[in-house]
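> 3D, please:
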Amino acid sequence: MSTINDGGPAFPSSHPICPEDGMTLRDWFAGQALAGLTADPDMPTFHKCAEIAYACADAMLRAREVKP
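From the prediction side, this is the model:
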């Protein structure tokens, strides 16, 4: 089973009071894609929106790995 690249923390913090990293970069990217997808009145279901949003997030993470 392969591990999903989550991109690490979206908003890393080294603050001693709040050391948690919060959401992953993958979740942040998916959330941004989801905002646009749910605006489409022809999108059939929220489940489909979520699938597409994470596919977009995975593509964005792969694009970050490409060296120019």
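> T38: what's it in contact with?
F46, C49 (C-beta atoms under 8 Å, 6 or more residues apart in numbering). Placement of C-beta: from N, CA and C, glycine included.
> what about 7 Å?
C49 (C-beta atoms under 7 Å, 6 or more residues apart in numbering).
> now swap in D27 and tell me
Taking C-beta under 7 Å, 6+ apart, one finds A10 in contact with D27.
> Under a three-state scheme, what state does it occupy?
helix (DSSP: H, G, I helix; E, B strand; the rest coil).
> With the one 4 residues further on instead?
Here G31 is recorded as helix under three-state DSSP.
> Tell me how far it lies from A39.
Using C-beta to C-beta, to the nearest Å, G31 is found at 13 Å from A39.
> do the same with R64
R64 is 25 Å from A39, by C-beta to C-beta.
> higher neighbour count, G31 and A39?
G31 (13 against 9; other C-beta atoms under 10 Å).
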